[in-house]
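In: Give the three-dimensional model of this entry:
(one chain, ligands or ions: 1)
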Amino acid sequence: MNNIWSLGEGYGQRGTGLGTYELQCPFCLEQGNFELEHRAEKKKPNSDKKLNFDTYKCGNCAGYVMALWSASENGGLYNFRVLPGVTGKLKASDYWPVEIQRFWLQAHESVTNEIWDGAAVLIRSALQICLRLNGATGDKLRDEINDLAQKGILPPLMKEWSNELRFLGNDSAHPEVGQESVIPADVRDALEFLDYLLQYLYDLPKQINDFRGRKTVTK
Ligand SMILES: [Zn+2]
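Out: Predicted structure coming up:
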């Protein structure tokens, strides 16, 4: 949308206006169960075009969505935007080995649900399997990261970061009486490290490969 008045112009759905069957509730995910609660309009100067600012209430969970929609100036088309949008299910990159995908997904879901001990263990598992798939040797997570850094597979900055990961998952997997709980911010940082590591080891090489592929095609 170049400017707000281009909504519904040249691109959109066929019809005269937004149907509630098109809306999905971001809270309970029910489709099309909405009632119009309020509508405000803004008309374009010197034109029949108008923007509709609608608030809809979900008939299932009583949550609200705001829909901005507009029909085209010449009729026959309309388009809309909805807030808040439905967030799709998290998906691991197809370029990662399946073992990594599995742990990564569970790690992210645990952080989203604030299951901190579980997340710490899962991040550790994802990291460790990733390092081992890349040929790391060593008994501890930190040794394995250092090993890959020494082999030139990981950049120095990642090695430095690894020193901060000593805590990760160890305490949660081997609990002791009176042990302190994991710090959520530490778990989030560790997850961010994991994301960077996976991008670096799997997604970037894939992108470089694709880039080279395009070069040879256009040569
Ligand atoms: Zn709902």
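
In: got the contact list for the residue positioned nearest the centre of the chain?
Out: Geometric centre of the chain, nearest residue: L90, 5.7 Å, by Cα atoms, centre = their mean. Taking Cβ atoms under 8 Å, 6 or more residues apart in numbering as the criterion, L90 is in contact with L105, H108, E109, T112. Heads up, the C-betas are built off the backbone N, CA and C, glycines and all.

In: Go again with 10 Å.
Out: With contact taken as Cβ atoms under 10 Å, 6 or more residues apart in numbering, L90 is in contact with W104, L105, H108, E109, T112.

In: R132 now?
Out: By Cβ under 10 Å, 6+ apart, R132 lies in contact with E99, G138, E144, L148.

In: Which of those ranks first by neighbour count?
Out: L148 (24 neighbours; other Cβ atoms under 10 Å).

In: Make sure it is actually in contact with M158.
Out: Yes - if you go by Cβ atoms under 10 Å, L148 and M158 touch, sitting 8.3 Å apart.

In: joint contacts of those two?
Out: With Cβ under 10 Å, 6+ apart as the test, L148 and M158 both reach L197, L201.

In: Which secondary structure state does S70 sit in?
Out: Put simply, S70 is strand when judged by DSSP: H, G, I helix; E, B strand; the rest coil.

In: got it, and V111?
Out: Applying three-state DSSP: V111 is helix.

In: The residue nearest to the centre of the chain falls within a strand, correct?
Out: No - going by three-state DSSP, the assignment for L90 is coil, not a strand.

In: For the ion, see how far away it is.
Out: The gap separating L90 from the ion is 21 Å, by Cβ to the ion, to the nearest Å.

In: Over to A107?
Out: With Cβ to the ion as the criterion, A107 and the ion are 28 Å apart.

In: Ok, D54 next?
Out: According to Cβ to the ion, D54 and the ion sit 16 Å apart.

In: among the contacts of L90, who's most crowded?
Out: Among those, W104 has more neighbours than the rest - 25 neighbours, counting by other Cβ under 10 Å.

In: where does this structure have its least confident helix or strand?
Out: Of all helical and strand segments in the chain, the minimum by mean pLDDT, DSSP states H and E falls on helix 170-173, at a mean of 74.

In: Now whatever helix or strand comes next after it: buried residues?
Out: Following helix 170-173 in sequence order, the next helix or strand is helix 184-198 (DSSP states H and E). Neighbour counts over helix 184-198 (16 or more other Cβ atoms under 10 Å) mark V187, D189, A190, L191, F193, L194, D195, L197, L198 as buried.

In: tell me what helix 184-198 is packed against?
Out: helix 98-112, helix 116-133, helix 141-150, helix 156-162 (3 or more Cβ pairs under 10 Å, 6 or more residues apart in numbering; DSSP states H and E).

In: other SSEs contacting the last one?
Out: In terms of contacts (3+ Cβ pairs under 10 Å, 6+ apart), helix 156-162 is packed against helix 141-150, helix 184-198.

In: Can you lay out these as TSV showing mean pLDDT?
Out: Output for those, formatted as TSV (pLDDT from 0 to 100):
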stretch	mean pLDDT
helix 141-150	89
helix 184-198	91
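
In: so can I have a markdown table of those helices showing distance to T216?
Out: Listed next are the helices and strands packed on helix 156-162 as a markdown table, based on distance: least, Cβ to Cβ, whole Å:
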| stretch | distance to T216 |
| --- | --- |
| helix 141-150 | 30 |
| helix 184-198 | 27 |
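
In: what does the protein put close to the ion?
Out: Listed as neighbours of the ion in the chain under the rule Cβ under 5 Å from the ion: C25, F27, C28, C58, N60, C61, G63.
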